[in-house]
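Q: Predicted model follows, preceded by the sequence.
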Amino acid sequence: MTTGGFSSFGLLKEEEALVLPSLTNNDAIEIGLIAVSIGRERALPVSFEVRIGDWTIFHAALDGAKTEHDWWIARKARVVNLKHHATIYERVLAEEQGIDWHKENNVEDETHAIHGGGLPLIVKDEGFKGILLVSGLPQVEDHLLGVEILTEFLARKGEVL
């Protein structure tokens, strides 16, 4: 397994902890700027995207990022849009259940990637509103970077985890 020892239960609890107070365009841009700041500080060869619905509000590719990251981002986004859960959650759950995720969901791997780095943006009292996407690192690191970005955003908003 390449999923860092995560459990589906733990990943669901993580999603519950990362609920946002709001998700405006300015919030999406702030999440993106936090991502860029962390990525630059660590010289990470990554790409980021923040979406509200199907609308890309923020996109950045840092030094060392590759054009193929956009392909990964699109595939991860389709998974989060379909299931409203993190891509790593979908992968771990499929592994726990011993199922072929793509077959169960009637989609192809070419269009839907259950690799870490796609995180749902869930707003308190509103539900699923958008997606934070990270691509360029091994999938567990993509996911953990996304969690770190959202944790920092919540801290700036005065939300305590």
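A: Looks like it arrived, so ask away.
Q: ranges for the helices of the protein?
A: 8-17, 25-41, 68-83, 87-97, 101-104, 139-156 (DSSP state H).
Q: got a list of contacts for the third one?
A: For helix 68-83, the surrounding residues in contact (CB atoms under 8 Å, 6 or more residues apart in numbering) are 46-47, 49, 51, 54, 61, 86-87, 90, 105, 107, 110-115, 117-120, 131, 133, 135-136. Where C-beta positions appear, they are placed from N, C-alpha and C, glycine not excepted.
Q: Kindly recompute the last result at 7 Å.
A: 47, 49, 51, 61, 87, 90, 105, 111-115, 117-118, 120, 131, 133, 135-136 (CB atoms under 7 Å, 6 or more residues apart in numbering).
Q: Also the last one?
A: Outside helix 139-156, the residues that touch it by CB under 7 Å, 6+ apart are 2-4, 14, 18, 30-31, 34-35, 38, 86, 88, 115-117, 119, 132, 134-135, 137, 161.
Q: Make a PyMOL selection of the buried ones in these.
A: Buried residues within those, by 16 or more other CB atoms under 10 Å, are selected in PyMOL with:
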select buried, resi 3+14+18+30+31+34+35+38+86+88+115+116+117+119+132+134+135+137
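Q: Name the single longest strand found in the protein.
A: Taking DSSP state E as the criterion, the chain has its longest strand at strand 127-135.
Q: In its sheet, which strands sit next to it, and in what direction?
A: strand 47-52 (antiparallel), strand 118-123 (antiparallel) (DSSP bridges).
Q: Can you redo those strands as a markdown table, where the extra columns are distance to Glu152 and mean pLDDT?
A: Formatted as a markdown table, those follow (distance: least, CB to CB, whole Å; pLDDT from 0 to 100):
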| stretch | distance to Glu152 | mean pLDDT |
| --- | --- | --- |
| strand 47-52 | 13 | 98 |
| strand 118-123 | 13 | 98 |
